[in-house]
Structure formats: structure tokens, C-alpha cells
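> structure for the following, please:
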Amino acid sequence: MAATTLPEVIARMRAIEAAGRPSDGVVCFSRLYRQVTEGVNARLAARTFADPQFLERLDIVFANLFFDAVAANKHDPARTPAAWAPLFAARSNRGIAPLQFALAGMNAHINRDLPVALVTTCEELARELRGDSPEHSDYLLVNGLLEQVEAQVKASYLPGPLGFLDRIVHRFDRIDDVVAMWNVRRARDAAWTNAETLWALRNRGPLRTEFMETLDRMVGFAGRGLLVPTYTRFGKLARRLDRA
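Okay, the predicted model is just below:
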């Protein structure tokens, strides 16, 4: 059953977190996703938007695509979208930092799922997917809120003085390169553009399917790059002390 409210979305994320170890890659992403969702929703309540119904429904449709990927991987792994496959395949790899798992999940979810969620939501609510629409203006306003919350949540993945030291010595590793690959604003801009393409192809079944398959594979390729092992000794020690 698909989630139908934001409280249900958040409850399902918590259930995913409770079902696995804190170091599990999917749990790492779900934790970041939930924290970002909670933080953004709190900020949304204090802002005025042209179409709040659209934003709320988009959040729910978007989250259900993540839950669908989790269910597919559990019950029929062959049905796991290619964009999500790298995260599920590497979820138990101890050489990968939690932040990498979180970013790989965001890569799959925003670059692959968000265009689908945008088109689905517009169809459900009889909205036009246009760059000059009120919905697009609201969408851009959310970018700033997402960046604020995402920065706070990212910092929580490597806390304390050892975390600071870890960030210094990361210049000798590849995690700086990995993090630099990810920018939420650019990813959401690309997602809107890809959604416009899907919208234009909504009556062109075979071509739309081919476009989605290509997008799915490309996002999966990027996900594998985000999951190159980069776990440093200081990072491991920082997290051990944080859990103590």
C-alpha cells in the first residue's frame, strides 16, 4: 500500500531505519531522507507558496517511489530500478562512509525518481508542467530550504573534533571528490528538465519507456561512482566515539 500522508511517509522511513543496522547503506539514506523531509516540512509551514497542495502531494508521490524500490529489492531484486541497484548492492560494504550511502541514495531518488514524481503529480492534480508555472516557482523556493537542511544533516554524519580532523585529512582520500560530485540544486534543476521531457513524451509510449530506461542506467552509473570506498581511519574512529 502506498503512503497517503506525510506523517505516514515519515513513519515508513523510521521503520526502514529500525529494520537494519545504522551502518547499512539504505538505512543511512533513509535517515538523511527522513531528517531532510522533517526539516523542510517544518520550514514549509512558515512560508507562503502558490500551490502548497502540489508540494505536499509531490512529497508523498516522491517518497513512495523510494518505498517501491525497497520493496522491489526485497521481494524481486531483478525489478530493482538500475538507478537504485548500486546502493542496494553496496549497502553492507564497510569501506563506504555513511555520507556516501546517503548521497548515492539522493542521486538515485532525485535524478531518477523526481522526474517521474513531478509528472505523476501534475497528472493527478491536473497541473501543467511548465517552467513559467506557479508550481515551478514553488519548486525553486524549496531548493534553498533543502540546501540548508541538507548541510545540517551532512554535518551530523561526521561529528566532533575527530570529524574536523577527518575532513582535513580527506584531501588524501577521495571522499572530497565524491561529495563534490553532488549538488542538490543542480540535481533538482536537471530533474525538472527531465520531467519536462517525460511530460512531452507522455503520449509516446515506446519513446518514453526508452528515455526512462536510459535515464535509469545513467543515474545508476553515477551512483557507482559515489560509492567508491573512501572510509578513512579518522572517520571510523569519530563514528565509534560518537556511538560510545
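
> list phi and psi for Ala2.
Dihedral pair for Ala2: phi -80, psi 150, per degrees, to the nearest 10.

> hey, which helix or strand in this protein has the poorest pLDDT?
When the helices and strands of the chain are compared on mean pLDDT, DSSP states H and E, helix 160-169 comes out lowest with a mean of 48.

> give me the three-state assignment for the residue nearest to the spatial centre of the chain.
Nearest to the mean C-alpha position of the chain, counting by C-alpha atoms, centre = their mean, stands Met106 at 2.4 Å. Assigned state for Met106: helix (three-state reduction, DSSP: H, G, I helix; E, B strand; the rest coil).

> does it really touch Leu32, like I thought?
Yes. Taking contacts as C-beta atoms under 8 Å, Met106 lies within contact range of Leu32: 7.3 Å. Using the backbone N, CA and C atoms, a C-beta is placed for each residue, glycine as well.

> so Arg31 makes contact with Glu17?
Yes. The pair Arg31 / Glu17 is scored as a contact, 5.5 Å apart, by C-beta under 8 Å.

> quick one, which of the two is more surrounded?
Arg31 (23 against 19; other C-beta atoms under 10 Å).

> give me the element that one is part of.
Take DSSP states H and E as the rule and Arg31 turns out to sit in helix 25-44.

> now do the helices in this structure.
All helices of the chain, identified by DSSP state H, fall at 6-18, 25-44, 52-75, 85-90, 98-108, 114-125, 134-156, 160-169, 175-180, 184-200, 205-226, 233-243.

> ok, residues contacting the third one?
This means helix 52-75. For helix 52-75, the external contacting residues (C-beta atoms under 8 Å, 6 or more residues apart in numbering) are 2-6, 9, 12-13, 16, 26, 30, 33, 37, 41, 44, 49, 79-81, 84, 88, 105, 108-109, 113-114, 116-118, 120-121, 124-125, 127, 135, 138-139, 142.

> can we see that at 6 Å?
2-3, 9, 12, 79-81, 84, 88, 109, 113, 117, 120-121, 135, 138 (C-beta atoms under 6 Å, 6 or more residues apart in numbering).

> pull out the buried positions in the helix holding Arg31.
25-37, 39-41, 44 (16 or more other C-beta atoms under 10 Å).

> do stretch 79-93 as well
Thr80, Pro81, Ala82, Ala83, Trp84, Ala85, Pro86, Leu87, Phe88, Ala89, Ala90, Arg91.

> in JSON lines: these, plus pLDDT and distance to Ile60.
Output for these, formatted as JSON lines (pLDDT from 0 to 100; distance: C-beta to C-beta, whole Å):
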{"residue": "Thr80", "pLDDT": "96", "distance to Ile60": "22"}
{"residue": "Pro81", "pLDDT": "97", "distance to Ile60": "19"}
{"residue": "Ala82", "pLDDT": "97", "distance to Ile60": "24"}
{"residue": "Ala83", "pLDDT": "97", "distance to Ile60": "20"}
{"residue": "Trp84", "pLDDT": "98", "distance to Ile60": "19"}
{"residue": "Ala85", "pLDDT": "97", "distance to Ile60": "24"}
{"residue": "Pro86", "pLDDT": "97", "distance to Ile60": "26"}
{"residue": "Leu87", "pLDDT": "97", "distance to Ile60": "22"}
{"residue": "Phe88", "pLDDT": "97", "distance to Ile60": "23"}
{"residue": "Ala89", "pLDDT": "96", "distance to Ile60": "28"}
{"residue": "Ala90", "pLDDT": "95", "distance to Ile60": "28"}
{"residue": "Arg91", "pLDDT": "95", "distance to Ile60": "25"}
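
> got those as JSON lines, with distance to Phe54 columns?
Below are these laid out as JSON lines (distance: C-beta to C-beta, whole Å):
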{"residue": "Thr80", "distance to Phe54": "29"}
{"residue": "Pro81", "distance to Phe54": "24"}
{"residue": "Ala82", "distance to Phe54": "28"}
{"residue": "Ala83", "distance to Phe54": "24"}
{"residue": "Trp84", "distance to Phe54": "25"}
{"residue": "Ala85", "distance to Phe54": "30"}
{"residue": "Pro86", "distance to Phe54": "31"}
{"residue": "Leu87", "distance to Phe54": "28"}
{"residue": "Phe88", "distance to Phe54": "30"}
{"residue": "Ala89", "distance to Phe54": "35"}
{"residue": "Ala90", "distance to Phe54": "34"}
{"residue": "Arg91", "distance to Phe54": "33"}
